[in-house]
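Student: All I have is the shape, not the residue letters:
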């Protein structure tokens, strides 16, 4: 089957491209490269020994998307493309609402026009807001604490309504927790442009000496050590979760958490990184970051029950793989 992967040169997208190719799918990648590098395509091809068709387009542009759909007989779409930083979304909300919601509508419209009936959406645990952990797919969503989360919740609603109106349209809404790590060969990983917004690449850049110290946003949360608790999942486990969801799509819109089911605090992750790699990570405590919640981890039983997927890699593997990639990054 031919699968369009939007945002396929990005962190999660590139690993999912590898997983799809290794599972026997053909892929077409669309990305505007606003927060990624085109070299990721070469790395994907190097890892898999498979050819990848790439379009440098922005999927909010309807004409560009329709041209792509007309050139390829697509069997499905995995939609990663979008802006993704919680803190940044608080500062520039209109960019997040426009990019993330319009892209979903443009792609869904093209699917309707060209008869593409499979759609996997990159959502986020942020949609749960400040709910009670562990987060379960059946929970009523509380208002999210940031515009990024709102764009994911709105996109989920749009796709759910489209699936209701078109019974043959099959949608998987995948609510990620916190992906970290990199491919085991160190060729692809998280390489954000500019100062990282996510914890692990910030940690690896401090370890490498590119940044002087880690800023820990708040140590007065109601958690074990006062720092924020998250469900960190290895990006390869997450990528394999997308393949499992695609393999098991069924009519209608269905929500799945993709995480480990275990919470780890910021300071616990820093210690795991130090233990895994024998490197000290200096840090300082600073004020809380707008939009963050205290604790966020998943109930992951539904994905296991419905398509047999569970996360297999532990926090030490995540830290080792992330550091291996950072050390190789000069050739990326």
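Tutor: That came through, no problem. What you see is a predicted model, and the numbers here were worked out from it, not measured in a lab. Numbering: from 1, shown residues only.

Student: CA only for contacts and neighbour counts going forward, please
Tutor: OK.

Student: Please state the offset of stretch 139-146 from the chain centre?
Tutor: Computed by C-alpha atoms, centre = their mean, to the nearest Å, the separation of stretch 139-146 from the middle of its chain amounts to 19 Å.

Student: now swap in stretch 19-39 and tell me
Tutor: 13 Å.

Student: which residues touch that stretch?
Tutor: Residues outside stretch 19-39 that contact it (C-alpha atoms under 8 Å, 6 or more residues apart in numbering) are 1-11, 17, 48, 50, 52-59, 81, 191-193, 236, 239-240, 243, 332.

Student: Now a PyMOL select for only the buried ones of those.
Tutor: To isolate the buried members of the contacts of stretch 19-39 in PyMOL, using 16 or more other C-alpha atoms under 10 Å:
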select buried, resi 3+4+5+6+7+8+9+10+11+17+52+54+57+58+59+81+191+192+236+239+240+243+332
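
Student: how long is stretch 66-77 end to end?
Tutor: 13 Å (C-alpha to C-alpha, to the nearest Å).

Student: returning to what we had before: inside helices: which ones of the contacts of stretch 19-39?
Tutor: Among the contacts of stretch 19-39, the ones falling in helices (DSSP state H) are 11, 17, 48, 236, 239-240, 243.

Student: Where does confidence bottom out across the residues you listed?
Tutor: When these are compared by pLDDT, residue 11 scores lowest at 95.

Student: The stretch 151-300 of the chain: strands as residue ranges?
Tutor: Secondary structure of the stretch 151-300 of the chain (DSSP state E, counting those that start in this stretch): strands at 170-176, 178-180, 214-217, 229-230, 232-234, 252-258, 264-265, 283-286, 295-296.

Student: wait, which of the ones in helices among the contacts of stretch 19-39 is closest to residue 301?
Tutor: residue 240 (16.1 Å; C-alpha to C-alpha).

Student: Is the residue lying closest to that closest one once chain neighbours are set aside in a helix, a strand, or coil?
Tutor: Nearest residue to residue 240 in three dimensions, chain neighbours excluded: residue 19, at 6.1 Å (C-alpha to C-alpha, 6 or more residues apart in numbering). The assignment at residue 19 comes out as helix when based on DSSP: H, G, I helix; E, B strand; the rest coil.

Student: What about residue 19, how many residues nearby?
Tutor: Using other C-alpha atoms under 10 Å, residue 19 has 22 neighbouring residues.

Student: In contact with residue 154, which residues?
Tutor: With C-alpha under 8 Å, 6+ apart, residue 154 has these contacts: residue 101.

Student: can you tell me which residues contact the residue lying closest to residue 188 once chain neighbours are set aside?
Tutor: Spatial nearest neighbour of residue 188, excluding adjacent residues (C-alpha to C-alpha, 6+ apart): residue 182 at 6.2 Å. Applying C-alpha under 8 Å, 6+ apart to residue 182 gives the contacts 188-190, 234-236, 318, 321-322, 325.

Student: now residue 59
Tutor: Contacts for residue 59 were tallied using C-alpha under 8 Å, 6+ apart; they are 6, 30-32, 65, 81, 103, 106-107.

Student: Most neighbours of all those residues, which one?
Tutor: Counting neighbours by other C-alpha under 10 Å, the top entry in those is residue 81, with 28 neighbours.

Student: Brilliant, that's me finished.
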